[in-house]
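Undergrad: This is a predicted model, with the sequence first.
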Amino acid sequence: MPRRFPVRRVLCVLPLLLVAVVAVRHRSVLAEGFGQLATARWPWLLAAAGATCLTWVAAACTRQGAVVERLPRRRLLATQFAAGAANHLLPTGLGASAVNLRFMTVCGLPLARSSAALALYLLAESVGRVALLGALLIAFPGALRLGTLLPEGAAGPLLVVGGAVPAVAAGVLALVPRLRAAVASFLRTALGEARSVHGRPARALALWGGALAFPALQASALVLVGRSLGLPVPAAHMAVAYLAATVAVALVPTPGGIGSVEAALVVALVAAGGPPAVATAVVLAFRLLTVWLPLLPGALTLAALVRMRVI
């Protein structure tokens, strides 16, 4: 009798292998990031680490707020920590989405409702990030010199692409009846799930409170790292720079934004008035603290959750 392929064992080992590959590919960035941390003031770094840990709590609140059923709290929080590692190993949030979709289906939610809850979470997180950025730009209109963020003549092509994508999507839906029916069915499920969630004030508060707290905590971590390295930029301006950079790279298909986020953050901090050398040091230290240091324990947690059949 042929032996079954050990899928679960492979899935347990795969995150660790991916961490090793990513670390080797970015070893120079890691080395420079550790060098910057060595020169930082530790009280500020410890506060930044605390803000980073709270981002997983905020993500868990938002995930819980996207579904009516109560999810197991400890497993939900552990899943967000593991999803953070998966998110940095696969492109454009696919890792975190796959981990959370699997977690919700294991918890007993049908696949259609789990997908609707995932879509509601992504919508809330995007709206929360953009709303926070808009509020800060209104409160601090001079926080960012937007003209320095876009190359000359880039605005036109961006507007064309922004208009072409929904037009192409609408055309595809019009020409493919099966796809149109599937999308309509999904939208009905998603709208029903959203109505159910917003019919419960506690769930709505968790959804939108977490969606606002998550980017606010991320921006706070960057501000604290900037303070630890003496970046001469006001805290609100650093927060605006972070939010603007992450919104700008949201459509860049790189694992966890690795590479693209660093470049955008440096440009945004310089646009906010920071010296290029110090801005680069802050970004390297910030990404090391928030991405690279949690990556290995996050991958170990992911492997443990797979082995325990939580996901």
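TA: The structure has been received and is ready for your questions. Residues are numbered from 1 along each chain as shown.
Undergrad: Please report phi then psi for residue 233.
TA: phi -130, psi 130 (degrees, to the nearest 10).
Undergrad: start the count at 42, not 1, going forward
TA: Yep, numbering from 42; the last one is residue 274 now.
Undergrad: Now it. Nearest residue, chain neighbours left out?
TA: Nearest non-adjacent residue to residue 274, counting by C-beta to C-beta, 6 or more residues apart in numbering: residue 315, 4.7 Å away. For glycine as for every other residue, the C-beta is placed from the backbone atoms N, C-alpha and C.
Undergrad: In a strand, that neighbour, correct?
TA: No. Under DSSP: H, G, I helix; E, B strand; the rest coil, residue 315 falls outside any strand and is assigned coil.
Undergrad: show me the residues around it that make contact.
TA: 267, 272-274, 323 (C-beta atoms under 8 Å, 6 or more residues apart in numbering).
Undergrad: Give me the pLDDT value at it.
TA: We have a pLDDT of 84 for residue 315.
Undergrad: Distance check, residue 147 against residue 84.
TA: Residue 147 sits 41 Å away from residue 84, going by C-beta to C-beta, to the nearest Å.
Undergrad: Among these two, which residue is more densely surrounded?
TA: Legend: neighbour count by other C-beta atoms under 10 Å for residue 147 and residue 84, higher for residue 147 (15 against 11).
Undergrad: Settle this for me: that one is touching residue 350, isn't it.
TA: Yes. Using C-beta atoms under 8 Å, residue 147 is in contact with residue 350, at 7.1 Å.
Undergrad: which SSE is residue 97 in?
TA: For residue 97, the host element (DSSP states H and E) is helix 83-106.
Undergrad: ditto for residue 284
TA: helix 276-289.
Undergrad: what's that helix packed up against?
TA: helix 152-180, helix 242-269, helix 301-312 (3 or more C-beta pairs under 8 Å, 6 or more residues apart in numbering; DSSP states H and E).
Undergrad: now the first one against helix 276-289, angle please.
TA: By that I understand helix 152-180. 140 degrees (axes from the mean of the first three to the mean of the last three C-alpha atoms, to 10 degrees).
Undergrad: before we move on, back to that, identify, from the contacts of residue 315, the entry nearest to residue 250.
TA: Nearest to residue 250 among the contacts of residue 315 is residue 267, at 25.6 Å by C-beta to C-beta.
Undergrad: on that earlier part again, and the helix holding residue 284, average pLDDT?
TA: Here the average pLDDT along helix 276-289 is 89.
Undergrad: any idea of the angle that helix forms with helix 242-269?
TA: Using the same axes, to 10 degrees, helix 276-289 lies at 110 degrees relative to helix 242-269.
Undergrad: buried stuff in helix 276-289?
TA: 278-289 (16 or more other C-beta atoms under 10 Å).
Undergrad: In CSV, list these along with distance to residue 223.
TA: Converted to CSV, the buried residues of helix 276-289 look like this (distance: C-beta to C-beta, whole Å):
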residue, distance to residue 223
278, 45
279, 43
280, 40
281, 39
282, 40
283, 37
284, 34
285, 35
286, 35
287, 31
288, 29
289, 31
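Undergrad: What residues does the nearest residue to residue 166 once chain neighbours are set aside make contact with?
TA: Distance criterion C-beta to C-beta, 6+ apart; nearest residue to residue 166, sequence neighbours excluded, is residue 252 at 5.2 Å. Each residue near residue 252 by C-beta under 8 Å, 6+ apart is listed here: 103, 165-166, 168-170.
Undergrad: and which of these is nearest to residue 231?
TA: residue 165 (12.2 Å).
Undergrad: surely that closest one meets residue 248?
TA: Yes. The criterion here is C-beta under 8 Å, and residue 165 meets it with residue 248 at 5.4 Å.
Undergrad: anything in contact with each of these two?
TA: The contact lists of residue 165 and residue 248 share 103, 106-107, where a contact means C-beta under 8 Å, 6+ apart.
Undergrad: residue contacts, residue 112?
TA: 104-105, 144-145, 148.
Undergrad: Next, it: secondary structure please.
TA: Per three-state DSSP, residue 112 ends up coil.
Undergrad: Pull up the gap between residue 148 and residue 331, please.
TA: 28 Å.
Undergrad: Neighbours of residue 219, how many?
TA: Counted with other C-beta under 10 Å, residue 219 comes out at 7.
Undergrad: what's the helix or strand for it?
TA: helix 218-239.
Undergrad: what is the orientation angle of that helix with helix 242-269?
TA: 90 degrees.
Undergrad: I would like the residues contacting helix 218-239, please.
TA: 106-109, 153-154, 156-158, 160-161, 213-215, 244-245, 248.
Undergrad: PyMOL command to pick out the buried ones of these?
TA: PyMOL command restricting the contacts of helix 218-239 to the buried ones, with burial defined by 16+ other C-beta under 10 Å:
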select buried, resi 106+107+108+154+156+157+158+160+161+244+248
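Undergrad: how many other residues sit next to residue 115?
TA: Neighbours of residue 115 (other C-beta under 10 Å): 9.
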